[in-house]
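> let's see this in three dimensions:
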Amino acid sequence: MEERVQVFRLYRGIVNKVENIGHMAKRSRLGIYFDILKVVERGFTKPNEIRYKAYLSWKIFNEALPILVTKGFIREELLKNTKRYRITDKGHNALFYHTKSLEEFD
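Okay, the predicted model is just below:
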């Protein structure tokens, strides 16, 4: 009986992980932008760190990041021949109002 319970818990954990992955894949473009902003705001500055923490594929990340940079939400810096990204005041404001508007729906 205990073995069945352990197998069920393991199965349930795998199902939950797959459901979460599926959920993340269905984000809107705007949701992806705000996820990137949240990650950069938390202090992750390297492209791979940002991509991993935002759960993005390389293709989608490379499409979204330049848009945030050209619109002025994120600033690109060159540090020892490597690119680093920092959130700007405009990015902070956008993230603040986005979070505030989401709280209104809760």
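
> which residues does the most centrally placed residue in the chain contact?
For the chain, the residue whose C-alpha lies nearest the mean C-alpha position (C-alpha atoms, centre = their mean) is residue 54; its distance is 2.3 Å. Going by C-beta atoms under 8 Å, 6 or more residues apart in numbering, residue 54 touches 32, 35, 36, 38, 39, 61. No exception for glycine: its C-beta is placed from N, CA and C like everyone else's.

> what is the neighbour count of the second one?
Burial measure for residue 35: 18 neighbouring residues, criterion other C-beta atoms under 10 Å.

> give the other helices and strands that the helix or strand containing residue 104 contacts.
Of the helices and strands defined by DSSP states H and E, residue 104 is found in helix 89-105. Using 3 or more C-beta pairs under 8 Å, 6 or more residues apart in numbering; DSSP states H and E as the contact criterion, the elements in contact with helix 89-105 are helix 29-41.

> buried ones in the helix or strand following the helix it packs on?
Once the chain leaves helix 29-41, the next helix or strand it forms, by DSSP H and E, is helix 47-53. Burial within helix 47-53, assessed by neighbour count using 16 or more other C-beta atoms under 10 Å, is assigned to 47, 49, 50, 51.

> which of those lies closest to residue 76?
The shortest approach to residue 76 among the buried residues of helix 47-53 belongs to residue 47, at 9.9 Å (C-beta to C-beta).

> most neighbours of all the contacts of residue 54, which one?
Neighbour tally across those (other C-beta under 10 Å): the maximum, 27 neighbours, falls on residue 36.

> quick check: closest non-adjacent residue to that residue.
Using C-beta to C-beta, 6 or more residues apart in numbering and skipping the chain neighbours, the partner closest in space to residue 36 is residue 54 (5.2 Å).

> now residue 68
Distance criterion C-beta to C-beta, 6+ apart; nearest residue to residue 68, sequence neighbours excluded, is residue 74 at 4.5 Å.

> next one: that neighbour from residue 50, what distance?
Computed with C-beta to C-beta, to the nearest Å, the distance linking residue 74 and residue 50 is 9 Å.

> so what sits against both of these two?
Both residue 74 and residue 50 are in contact with 36, 40, 65, 85, where contact means C-beta under 8 Å, 6+ apart.
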